[in-house]
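1. Kindly generate the corresponding structure for this input.
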Amino acid sequence: MNLNATLVAQLVVFFILAWVTMKFVWPPIVKALDERAKKIADGLAAADKAKSDLAHAEKKVVEELRKARESATDVRAAAEKQSAVFLDEARAEAARIIAQAREAAEAEAGVAAQRAKEALRDQVAHLAVAGAEKILRKEINAQAHADLLANLKQELR
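-> Down below sits the predicted model:
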């Protein structure tokens, strides 16, 4: 074999092998590499989308928490205001009831004092009659005594 013929034969075999590789072996490898690159790119895109969705969801959660806190603050303030109103109403009602009870007690005490005065006047009148009767046993005039007692009663008032 000649060196040149060997070289030419090796070149022919090499080119045939390169052509067969490029025609039958290389396309599935390139296709698999492209599919893998596409899967990786899709995965990265999905990760980026998930990251942005997470950031958006976190912002939304923060906003909802802020709204909930504001709502809770408003509800608490309204409840405190309403309880203050109820407390003021209860105090006013209690003051009114106490005033009515005081007025009723004062009126009852006035009536009791008046009754006691009347009873005391009657007792004084009876004592005066008894004393006058003992002193004036000689003079017996029922009409004159009744007039005296009525006058005495009027004077005691």
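
2. Restrict the worst-scoring helix or strand of the chain on mean pLDDT to CA atoms and write it as PDB.
-> For the chain, using mean pLDDT, DSSP states H and E, the weakest element among its helices and strands is helix 142-156, scoring a mean of 75. Output in PDB follows, covering the C-alpha atoms of helix 142-156 (Å, rounded to 0.1, in the frame of the first residue of the first chain):
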ATOM      1  CA  ALA A 142    -117.600  71.300 127.400                       C
ATOM      2  CA  GLN A 143    -118.100  73.800 124.600                       C
ATOM      3  CA  ALA A 144    -115.700  76.300 126.100                       C
ATOM      4  CA  HIS A 145    -113.100  73.600 126.600                       C
ATOM      5  CA  ALA A 146    -113.500  72.400 123.000                       C
ATOM      6  CA  ASP A 147    -113.000  76.000 121.800                       C
ATOM      7  CA  LEU A 148    -109.900  76.400 124.000                       C
ATOM      8  CA  LEU A 149    -108.400  73.100 122.700                       C
ATOM      9  CA  ALA A 150    -109.100  74.100 119.000                       C
ATOM     10  CA  ASN A 151    -107.400  77.500 119.600                       C
ATOM     11  CA  LEU A 152    -104.500  75.800 121.300                       C
ATOM     12  CA  LYS A 153    -104.200  73.400 118.400                       C
ATOM     13  CA  GLN A 154    -104.100  76.200 115.900                       C
ATOM     14  CA  GLU A 155    -101.500  78.100 117.900                       C
ATOM     15  CA  LEU A 156     -99.200  75.000 118.000                       C
END
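
3. What are the contacting residues of that helix?
-> 121, 124-125, 128-129, 132-133 (C-beta atoms under 8 Å, 6 or more residues apart in numbering). From N, CA and C alone the C-beta is placed, and that goes for glycine too.

4. Flag every buried residue along that helix.
-> 145, 149 (16 or more other C-beta atoms under 10 Å).
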